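S.K.: For reference, the sequence and a predicted model appear below.
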Amino acid sequence: MIAFSHGGVDEEIVPEGARLAYLIEAADPDFWNGVTGMSAFTYRAGKLDQTLYLSLDPALGYYLLLEYTDRSRIYATAAVPAGPGPGLIWWGGERIELPPERFVSAAEAHRAIAWFLETGDADPDTDWELF
């Protein structure tokens with residue numbers, strides 16, 4: 001089962017395919033960040049309970065953090081940042097500044113999210129680092 005929430009709003013339908021691509025490309029911080037500052041895709045199957053969190057800095061791109069069942073975490077990194085940093089996100093109600101290499105492009109975010117929705121795991125074509 002996959003659950004999706006964005007900016008504090010739980011959704012009945014998880015965006016996929018063209019709808020997901022549109023939402024990522026539109027890069028609307030009100031949609032992705034909302035009042036909580038983040039969105040989450042949760043993948044549950046058997047003992048697997050993993051969540052891909054994301055937050056958007058409109059100038060730098062998407063911050064992606066994958067939390068595994070054992071609560072270990074990894075975050076996506078960009079080889080070439082979209083611009084100078086720091087990037088700004090609101091995470092759990094707190095303002096956090098992050099280096100620009102922690103934000104990935106819309107295309108990278110789409111690929112990583114699509115892979116996660118299929119497998120519940122980290123996209124092997126995305127660079128990830130331990131949190």
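M.R.: Thanks, I have it.
S.K.: Just the endpoints, please. Distance across stretch 9-19?
M.R.: 17 Å (Cα to Cα, to the nearest Å).
S.K.: which residues sit against the helix or strand encompassing Gln50?
M.R.: Per DSSP states H and E: Gln50 is located in strand 48-57. Here strand 48-57 makes contact (Cβ atoms under 8 Å, 6 or more residues apart in numbering) with 27-29, 32-33, 37-43, 62-69, 87-91, 103, 109, 112-113, 116, 120-121. Any C-beta I mention is one placed from the backbone N, CA and C, and that applies to glycine too.
S.K.: The residues you listed in strands, which ones?
M.R.: Using DSSP state E, the members of the contacts of strand 48-57 that fall in strands are 39-43, 62-67, 87-91.
S.K.: wait, which of these is closest to Ile74?
M.R.: Ile74 has its nearest neighbour among the ones in strands among the contacts of strand 48-57 in Leu66, at 5.2 Å by Cβ to Cβ.
S.K.: Selection in ChimeraX covering whichever of the ones in strands among the contacts of strand 48-57 are buried, please.
M.R.: Per 16 or more other Cβ atoms under 10 Å, the buried members of the ones in strands among the contacts of strand 48-57 correspond to this ChimeraX selection:
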select :39,40,41,42,43,62,63,64,65,66,67,87,89,90,91
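S.K.: ok, what's across the strand from the spatially most central residue of the chain?
M.R.: With the centre of the chain defined as its mean C-alpha position, the nearest residue by Cα atoms, centre = their mean is Leu54, 2.5 Å away. Beta-bridge pairing for Leu54 (DSSP bridges): Ser39, Leu64.
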